[in-house]
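1. This is the structure alone, sequence omitted:
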């Protein structure tokens, strides 16, 4: 029985025994016929090296890892069928690893864009007539603290009032798993918090709260969704596409800019509150760029 006939037998089994939908069968057919064409029409007789060569070929053609994994899944089911039917004595896909899914790079902002955002927030907070834009002083404190510390948005909006009462360079935040970590506070962040504290304490409804950013919400503090919405508005006024920014993006900017300027990956892991270094390794592209620049600029043989 030739490969084409065995593909047809496999598709018939998938339809009759497993009730595969027409779209599923068409997808299997395309994937198996593509592999068979690469292998000179001898898919049913292929060995592991031949299948691996086909997978390398589709990777070089630019297929996404999800597409590569789907094609390998079709091949696995095809060869399992041949083995179960006694048409082969082995399964060549049994020793092949599935293609690893690529982790998308985190969205971030350039240092220039971040500077524009912070400058806009400061200008709005320090307008002569006070809060020309409602909540401008609070927003300035929020973005300065977020960029200075890299806090998760849930950690930021629920900060206790005591953080602003201590004029210190560091404070302790309780993160995921109730784990405490120490994070830095820049002079600009401390000043923005002091300004917000003055305005906050002038409002009797807010002054009694134990949260730095109180609100009339179920939690008693500023909802993360409200901050995310207001942040997009600030970005738009700073000339930055609002679709490009979120609290999480600003957290990524904090980490990326630290690494770009010489910080150690382990130190960034601790600041972000990642329990596993593998989570922080999404930023290794930043380190690679920095190392390449270092070699190109300082190696005596660099051209």
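-> Happy to help now that I have it. Model, not experiment: these values are computed from the prediction.

2. I'd say residue 242 and residue 228 touch.
-> No: using C-beta atoms under 8 Å, residue 242 is not in contact with residue 228, being 10.4 Å away. Bear in mind the C-beta positions are built from the backbone N, C-alpha and C, glycine included.

3. so what's residue 92 up against?
-> By C-beta atoms under 8 Å, 6 or more residues apart in numbering, the contact list for residue 92 reads 46-48, 50-51, 79.

4. 7 Å instead, please
-> 46-48, 51, 79 (C-beta atoms under 7 Å, 6 or more residues apart in numbering).

5. same question, residue 222
-> Here residue 222 is in contact with 157, 213, 215 (C-beta under 7 Å, 6+ apart).

6. Not counting its neighbours along the chain, what's nearest the first one?
-> To tie it back to what came earlier, the one meant is residue 157. Leaving aside its sequence neighbours, residue 157 sits nearest to residue 222 (C-beta to C-beta, 6 or more residues apart in numbering; 4.5 Å).

7. Residue 116 too?
-> Distance criterion C-beta to C-beta, 6+ apart; nearest residue to residue 116, sequence neighbours excluded, is residue 238 at 4.9 Å.

8. so that neighbour makes contact with residue 118?
-> No: taking contacts as C-beta atoms under 7 Å, residue 238 lies outside contact range of residue 118: 8.9 Å.

9. Rounded mean pLDDT for stretch 235-255, please.
-> For stretch 235-255, mean pLDDT rounds to 90.

10. Next: stretch 186-193.
-> Stretch 186-193 comes out with an average pLDDT of 92.

11. Give me the below-cutoff pLDDT ranges for the stretch 201-303 of the chain.
-> For the stretch 201-303 of the chain, the stretches flagged by pLDDT under 70 are 275-303.

12. how many neighbours does residue 138 have?
-> Residue 138 sits with 25 neighbouring residues when counted by other C-beta atoms under 10 Å.

13. Contact partners for it?
-> Residues in contact with residue 138 (C-beta under 7 Å, 6+ apart) are 196, 213.

14. Which helix or strand lies directly C-terminal to the one helix or strand residue 32 maps to?
-> In the assignment (DSSP states H and E), residue 32 maps to helix 22-38. Downstream of helix 22-38, the first helix or strand assigned by DSSP H and E is helix 48-60.

15. Secondary structure element holding the closest residue to residue 59 other than its chain neighbours?
-> Nearest residue to residue 59, sequence neighbours excluded (C-beta to C-beta, 6+ apart): residue 68, at 6.0 Å. Using DSSP H and E, residue 68 falls within helix 65-84.

16. what's the average pLDDT for the very next helix or strand once past that helix?
-> Next helix or strand after helix 65-84 toward the C-terminus (DSSP H and E): helix 111-125. Computed over helix 111-125, the mean pLDDT rounds to 94.

17. circling back to that earlier point, for the residue nearest to residue 59, grab the count of nearby residues.
-> Residue 68: 19 neighbours (other C-beta under 10 Å).

18. if I read this right, it contacts residue 55, doesn't it?
-> Yes: between residue 68 and residue 55 a contact is recorded at 6.4 Å, counting by C-beta under 7 Å.

19. related to what we said a few turns ago, restricted to helices, list the contacts of residue 222.
-> Judged by DSSP state H, these include residue 157 as members of helices.
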